[in-house]
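> Sequence plus the predicted model coming up.
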Amino acid sequence: MNVNGTRARAVALCMLIGAAAPASALPLFVSVQAGFTFDSASSASAVERSVTGVGVADIGTASTFARADFGSLGVSTSGTATHGPQVSGATIVGRSEATFQDLLFIGGPEGMPVELTFTLQLDGTCVALPDAFHASCDASGSVALPGSGVAVSAGGAHFNSTTIAWVAGSAIGINGAMLAMGSAIDGSYEAAFADTLHFYVSSPTPGVEITSQSGHDYSLPIAAAVPEPPTILLLATGLLFVARRRMRTG
């Protein structure tokens with residue numbers, strides 16, 4: 001099984017979903033598949049779905065989960081299979097998708113040039129055992145913007161951001177998507193990204209206020225602006241060095 005090809009298809013599909021609205025007119029959408037079991041739902045408020053199912057010839061089992069809310073998406077899928085009949089594809093597959101749509105209002109003097117920074121945070125794990133030939137998993141997230149976008153993929157903790165030029169006194173539509181996929185011929189997989197994709201919007205331009213049609217606050221949490229422990233330690237070490245030098249010169 002070509003893991004790089006699977007990852008490329010996952011990211012490409014995720015960007016496609018982000019660039020186009022879901023079939024439903026409602027802004028939040030989830031879809032889950034585990035083997036031959038499917039479910040989906042759309043809503044104007046937080047929505048989630050989960051299913052379990054079996055694979056080819058009832059060999060292999062999978063579970064999937066998806067949750068969508070404004071600015072926050074989560075997906076997960078896990079499955080296991082033993083060596084079964086000779087088939088052209090995987091014995092068990094799982095797929096989990098979550099999307100949201102919203103409209104941002106950019107406050108300030110109408111027509112004033114502003115900069116908008118869009119940030120994605122993703123934290124999760126993607127594991128396939130015993131190897132990529134017998135099992136694989138992938139996860140990716142994205143937010144599509146007019147003429148631009150930002151995406152994250154793979155496991156671990158990730159931050160990714162992009163800054164675009166815009167004008168105050170206007171609106172901008174955003175489409176967010178999260179996708180996890182897994183499959184197994186003889187082995188197991190787990191993509192654990194439940195409620196781990198978060199989307200933020202900020203502006204380095206003074207006097208800009210950003211609100212949304214949904215009422216969700218997309219601003220970065222205050223904690224994100226606090227220096228990480230290594231940064232604090234480095235700062236403290238520097239201050240201590242300066243203090244000692246002053247004492248010696250004094």
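Looks like it came in fine. Residues are numbered from 1 along each chain as shown.
> Keeping just the C-alphas, turn the helix or strand Ala68 falls within into PDB.
Element membership for Ala68 (DSSP states H and E) is strand 61-69. Presented in PDB, the C-alpha positions along strand 61-69 are these (Å, rounded to 0.1, in the frame of the first residue of the first chain):
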ATOM      1  CA  THR A  61     -13.700  -4.500  12.500                       C
ATOM      2  CA  ALA A  62     -13.400  -0.700  12.600                       C
ATOM      3  CA  SER A  63     -14.700   2.200  14.700                       C
ATOM      4  CA  THR A  64     -14.900   5.900  13.600                       C
ATOM      5  CA  PHE A  65     -15.900   9.200  15.200                       C
ATOM      6  CA  ALA A  66     -16.400  12.700  13.900                       C
ATOM      7  CA  ARG A  67     -17.300  16.000  15.600                       C
ATOM      8  CA  ALA A  68     -17.800  19.400  14.100                       C
ATOM      9  CA  ASP A  69     -18.200  22.800  15.700                       C
END
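> which element follows that strand toward the C-terminus?
Following strand 61-69 in sequence, per DSSP H and E, is strand 72-81.
> Output the following helix or strand past that following strand as CSV - backbone C-alpha positions only.
Following strand 72-81 in sequence order, the next helix or strand is strand 92-106 (DSSP H and E). The C-alpha coordinates for strand 92-106 follow below in CSV (Å, rounded to 0.1, in the frame of the first residue of the first chain):
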residue,chain,number,x,y,z
ILE,A,92,-11.3,-3.2,6.6
VAL,A,93,-11.4,0.5,6.0
GLY,A,94,-12.5,3.5,8.1
ARG,A,95,-13.1,7.1,7.1
SER,A,96,-14.1,10.1,9.2
GLU,A,97,-14.8,13.6,8.0
ALA,A,98,-15.9,16.9,9.7
THR,A,99,-16.4,20.3,8.2
PHE,A,100,-17.6,23.8,9.1
GLN,A,101,-18.5,27.0,7.3
ASP,A,102,-18.6,30.5,8.7
LEU,A,103,-18.5,34.2,7.7
LEU,A,104,-16.1,36.6,9.3
PHE,A,105,-16.8,40.3,9.6
ILE,A,106,-13.7,42.5,9.6
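> what's the next secondary structure element after strand 92-106?
strand 113-129.
> which parts of that following strand are buried?
114, 116-126, 128 (16 or more other CB atoms under 10 Å). Where you see a C-beta, it was placed from the backbone N, CA and C, and this is true even at glycine.
> related to what we said a few turns ago, partners of the strand holding Ala68 in the sheet?
strand 47-54 (antiparallel), strand 72-81 (antiparallel) (DSSP bridges).
> Count the residues that sit near the nearest residue to Asp69 once chain neighbours are set aside.
Setting aside the residues directly before and after it, Asp69 is nearest to Ala46 in space (CB to CB, 6 or more residues apart in numbering), at 4.2 Å. Ala46: 13 surrounding residues under other CB atoms under 10 Å.
> Okay, now the unreliable bits of the protein?
Flagging of the chain using pLDDT under 70 yields the residue ranges 1-24, 83-90, 131-135, 137, 139, 145, 147-157, 195, 222-250.
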